[in-house]
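> here is a sequence together with a model predicted from it:
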Amino acid sequence: MSFRELFKVSAAVMLWLFGSTCFAQSPPDLLLLHGHILTVDARDSVAQALAIRQGVIVRVGTDAEVLEFAGKTKGIRTIDLHGRTAIPGLIDTHAHIADGGVAELYGVKLSDTASISDVLDRVKAKVALVKPGEWVTGSGWDEGKFAEHRYVTAADLDTVAPDNPVWLMHTTGHYGVANSAALKLAGISAGTPDPAAGTIDRDSHGNPTGVLKEETAMEPVTRLIPPTTPEQMQKGILHIQEVLHSEGMTAVKDPDIYQLHWDAYKALLDQGKLKERICVLWHAGKTLDSARKALEEINSVPRLPATLGNDRLLSCGAKIYMDGSGGARTGWVYDPWLRNGKTADLASDGKPNTGYPQLDPQVYREMVRLFHQNGVPVGTHAVGDRAMDWVVDTYALVEQEQPHNGLRHSIIHANLPTPHALEVMSGLQKKYDAGYPEMQPEFLWWIGDIYAPNYGPERDARLEPFKTLLSRGILWSGGSDYFVTPVAARYGLWAAMTRETLRGSHGPNPFGTAEDIDIHTALRSYTDWGSRQMFLEKKIGTLEVGKKADIAIWDRDLYSVSADQIKDMKCLMTLLDGDVVYSAPDSPITVSAK
C-alpha cells in the first residue's frame, strides 16, 4: 500500500472514530420517563425509563439513571408515561395487510355479520350503488357466527342480486360463495367436475350451491373480477397502516404477494409514507415454472440481509401452499375431517374426507429445493398434520443435502403438529436455524366455532399446542392471518392465554387449557421471536440499548392484569424509529420539551 493510500485509509478511520465519539457523547433527543417498561429482553427486565437518540435506544434504566445520562441539555423531548406500560412494538408474522386493506376500503365488509340476512342486507345495499352487470365483492363471512349455522348460498344471493355477479370470500380465504350470475359467467354448472385440489360444494341433487373451495375451484370466478389498481392498493395499505398504528403494531410479514403489492409498498416508501416495517413473501405458485418466476422476482429486488428505507421494506422469501383450511375441511390430514365433531365428513366420491395437498408433494419438494439452493427462505402453508409432516421432512432433506444455516424456513399456521413434526422442528431449529412455526392463536377464538367440530375433541386438545412447543424448546411467532381474523395483536395475546371461542357454540372451551401459555411467553412470540422471522432480531423486538425505538404504550400493565383484560387493552401511543406515528385522541400521554 502506498503512502497516499495509507493516508486516505487513516484519514477515513479517524473521521469515523471522531463521528462515532461525537455520536456517543451527544445527548439523547427523546426520553420516556415515569413508566413501566417491559423490555422483553433475555431477563424479561422491567425498567422505568429509557433514552432515544436518532431513533435508537441508548439507555434503559430508572428515571434517575436516564435523567443523569441525558444531562442538562435543553430541548430534549420527553414523554411522561404517568405510570403507563410501554412494550416493544408488536410484530405480526403473518398478515395479508395489503389485500385486507383493499377489501376493507372497496368491498362489502362481512366480518361482523351474525346471520345470513345480515349478509344479504349489506349486499343489497351495495347493489343499489352499482350498475346492473357490475361486480359486487365482499369478504369475512363465517357460518360459525351465523344464527343459521350454514353457508351463504347462490340461492340466497340471487334474491338481492339477480342482475349483478357477486363473489363473497369466506373469512378463511380458502372458500367463498358466488351467486348464479357469477357461476354462469364462470361456466360452472351441475356438469362441472371438481378440479384437482379444489371442491365445488353441491346440494343433494348435485347442483352447485355457489360455495367454491380452494384456488382451483374459486379461480374461474375470481379471475373475472376487475383487478385491483395500483392506486387502490396504495390506499388500502395506508388505510390498514393507520389501524396497525392504533394497535401498537410496528412490523408485519405480508405473505403471498405479487409484483403489484411490492410496487405499492415501494412507491409508498419512496413517498415517505411507509411507516411500518414490512417483510414480504412472494407467491411461488404450484409448479417449478411458477417457482422459477418467483425466484426471478426475488432476484430483481434487494436480497436479504439488504433492506430498503432503514429496514422499512424487506424481501423475505417465497410462499408455497401445501394444503388448505381447517375451516373448509380441505387441510391434508391423516384421520378424516368431522361434521359436528362426531361424524366423518365425506368427499364427493363418498369416501371419508382427509383433505388434499394443494400441489403434487414431489413437485413441492423440488420447489423448496430450488429456493433453498438459491439461498431463499421458504414459508409453507401447512394446516393438517399430514401436510406438516411432509413440510418439515422436506426442510430436513434439503438442509441435509446442502446445509444453509439461517434461512429460517417456516411452517405457516402449523395447526396440528405430530410428535414427529415436533421432533423434526426442534432439530431443524437447533442445527440449521430453520423450521419455525408461524402461528395464529386468534384462530382458536375467531374461527374456533367452525374449527372445533371439524377437528373433533381429540384433535381439538392438540390444536395450536403452545405449551408443548415451549416445553420442547421450539420457538414460534404469533400472527393474525388478517383478514382471516382481526389484525389487532392484543386478540392473539389473549387467545394464546385462554383458548376460548367467540360464540362458545361447542362448549365454553372446546380446545381445553392444557396448551395455554402466560402473558410473558405470549408477548415474546409477538415481539422478540417475531423479530427473528422478520430477519430483524438485532434491530427490533426488545427494548434494549442499540435497538430501534419501536414502542407501543398501553393503558394497563400486561404483566399484572387478568387475561380477560388483555383483549380489551387500549393503545395510547405508538412510536416507530422514535417518531410518534399514533396518539390516541384521549391519551394522557403527550410529548413535551425537557
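That came in fine, so what should we check first?
> most centrally placed residue in this protein?
residue 94 (1.8 Å; C-alpha atoms, centre = their mean).
> can you read off the pLDDT for that residue?
Here the pLDDT value assigned to residue 94 is 98.
> same check on residue 508?
83.
> confirm the residue nearest to the centre of the chain sits in a strand?
No. Counting by DSSP: H, G, I helix; E, B strand; the rest coil, residue 94 is not found in a strand; it is coil.
> that one and residue 272, how far apart?
Distance of residue 94 to residue 272, given as C-beta to C-beta, to the nearest Å: 27 Å. Backbone N, C-alpha and C define where each C-beta goes, glycine included.
> before we move on, what about residue 297?
From residue 297 to residue 272 the distance is 25 Å (C-beta to C-beta).
> of the two, who's got more company?
residue 297 (17 against 8; other C-beta atoms under 10 Å).
> helix, strand or coil: sort out the more buried one for me.
helix.
> doesn't residue 259 make contact with it?
Yes. Contact criterion C-beta atoms under 8 Å: residue 297 and residue 259 qualify, at 6.4 Å.
> pull out the buried residues from stretch 556-576.
556-558, 563, 566-567, 569, 571-576 (16 or more other C-beta atoms under 10 Å).
> repeat for stretch 508-524
Within stretch 508-524, the residues scored as buried using 16+ other C-beta under 10 Å are 509-511, 515-517, 519, 521-524.
> do stretch 213-221 as well
Taking 16+ other C-beta under 10 Å as the criterion, stretch 213-221 shows 213-218, 220-221 as buried.
> can you check stretch 67-85 too?
Across stretch 67-85, burial judged by 16+ other C-beta under 10 Å covers 67, 69-70, 76-81, 84-85.
> contacts for it, please.
27-38, 49, 51, 58-59, 61, 553-559, 572-573, 588-594 (C-beta atoms under 8 Å, 6 or more residues apart in numbering).
> that one - what's its average pLDDT?
Stretch 67-85 shows a mean pLDDT of 94.
> cool, stretch 142-156 as well?
On average, stretch 142-156 scores 95.
> stretch 200-210 too?
Rounded mean pLDDT across stretch 200-210 is 95.
> would you confirm that residue 198 contacts residue 211?
No. Counting by C-beta under 8 Å, residue 198 stays clear of residue 211, with 11.6 Å between them.
> just want to know which of the two has more residues nearby.
Remark: of residue 198 and residue 211, residue 211 carries more neighbours, 23 against 20, as counted by other C-beta under 10 Å.
> which one is that one nearest to, not counting chain neighbours?
residue 201 (3.8 Å; C-beta to C-beta, 6 or more residues apart in numbering).
> ok, residue 315 next?
residue 301 (4.9 Å).
> next: residue 113.
Excluding the flanking residues, the one nearest residue 113 by C-beta to C-beta, 6+ apart is residue 119, at 5.1 Å.
> before we move on, what about residue 260?
residue 233 (5.9 Å).
> check contacts around that neighbour.
For residue 233, the contacting residues are 98, 102, 260-261, 263-264, by C-beta under 8 Å, 6+ apart.
> farthest pair in these?
Farthest-apart pair in these is 102 and 263; separation 13.9 Å (C-beta to C-beta).
> please identify the helix or strand for the residue nearest to residue 113.
Following DSSP states H and E, one finds residue 119 within helix 116-127.
> which residues are in contact with that helix?
108-110, 113, 136, 138, 141, 146, 148, 150, 152, 156-157, 159-161, 164, 166, 168.
> tell me how far whatever helix or strand comes next after it lies from the chain's centre.
Going down the chain from helix 116-127, the next helix or strand is strand 136-141, by DSSP H and E. From the chain centre to the centre of strand 136-141 is a distance of 20 Å (C-alpha atoms, centre = their mean, to the nearest Å).
> returning to what we had before: just the contacts of helix 116-127: which are in strands?
108-109, 136, 138, 141, 166, 168 (DSSP state E).
> can you put those residues in a markdown table and add distance to residue 475 and neighbour count?
Shown next, in a markdown table, are those (distance: C-beta to C-beta, whole Å; neighbours: other C-beta atoms under 10 Å):
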| residue | distance to residue 475 | neighbour count |
| --- | --- | --- |
| 108 | 39 | 21 |
| 109 | 35 | 15 |
| 136 | 43 | 25 |
| 138 | 37 | 23 |
| 141 | 34 | 25 |
| 166 | 43 | 28 |
| 168 | 37 | 25 |
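> nearest to residue 336, of these?
Of all the ones in strands among the contacts of helix 116-127, residue 336 sits closest to residue 141, with 25.5 Å by C-beta to C-beta.
> quick one: contacts for that closest one?
By C-beta under 8 Å, 6+ apart, the neighbours of residue 141 are 110-111, 113, 119, 152, 168, 170-171, 177.
> now the two most distant members of the residues you listed.
The span of those, defined through C-beta to C-beta, is set by 111 and 177 at 15.0 Å.
> and these two? Which one has more around it.
residue 177 (27 against 18).
> so after the helix or strand harbouring the more buried one, what's the next helix or strand?
Using DSSP H and E, residue 177 maps to strand 175-178. Sequence-wise, the next helix or strand downstream of strand 175-178 (DSSP H and E) is helix 180-186.
> elements contacting that next one?
Judged by 3 or more C-beta pairs under 8 Å, 6 or more residues apart in numbering; DSSP states H and E, the packing partners of helix 180-186 are helix 154-158, strand 166-170, strand 208-213, helix 215-222.
> just how off-centre is the last one within its chain?
Which is helix 215-222. 23 Å.
> mind listing what's buried in the helix or strand just after it?
Per DSSP H and E, the first helix or strand lying C-terminal to helix 215-222 is helix 230-246. Within helix 230-246, the residues that count as buried by 16+ other C-beta under 10 Å are 232-241, 243-246.
> tabulate these (JSON lines), appending distance to residue 345 and pLDDT.
JSON lines is the format used below for the buried residues of helix 230-246 (distance: C-beta to C-beta, whole Å; pLDDT from 0 to 100):
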{"residue": "232", "distance to residue 345": "38", "pLDDT": "98"}
{"residue": "233", "distance to residue 345": "37", "pLDDT": "98"}
{"residue": "234", "distance to residue 345": "42", "pLDDT": "98"}
{"residue": "235", "distance to residue 345": "40", "pLDDT": "98"}
{"residue": "236", "distance to residue 345": "35", "pLDDT": "98"}
{"residue": "237", "distance to residue 345": "38", "pLDDT": "98"}
{"residue": "238", "distance to residue 345": "42", "pLDDT": "98"}
{"residue": "239", "distance to residue 345": "38", "pLDDT": "98"}
{"residue": "240", "distance to residue 345": "35", "pLDDT": "98"}
{"residue": "241", "distance to residue 345": "40", "pLDDT": "98"}
{"residue": "243", "distance to residue 345": "36", "pLDDT": "98"}
{"residue": "244", "distance to residue 345": "37", "pLDDT": "98"}
{"residue": "245", "distance to residue 345": "42", "pLDDT": "98"}
{"residue": "246", "distance to residue 345": "40", "pLDDT": "98"}
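> now tabulate these in TSV and tack on distance to residue 42.
Putting the buried residues of helix 230-246 into TSV (distance: C-beta to C-beta, whole Å) gives the following:
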residue	distance to residue 42
232	44
233	39
234	39
235	41
236	38
237	34
238	36
239	37
240	32
241	31
243	31
244	27
245	28
246	30
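> quick revisit: which one of residue 102 and residue 263 has more residues nearby?
Ranked by neighbour count (other C-beta under 10 Å), residue 102 and residue 263 place residue 102 first, with 25 against 14.
> find the nearest non-adjacent residue to the more buried one, please.
residue 236 (3.4 Å).
> what do you get for residue 35?
That would be residue 81: by C-beta to C-beta, 6+ apart, it lies 3.0 Å from residue 35.
> quick one: the one you found and residue 555, what's the gap?
Residue 81 is 11 Å from residue 555, by C-beta to C-beta.
> residue 591 pairs with what?
Taking DSSP bridges as the rule, residue 591 bridges to residue 79.
> what sits against it?
Here residue 591 is in contact with 30, 77-79, 580 (C-beta under 8 Å, 6+ apart).
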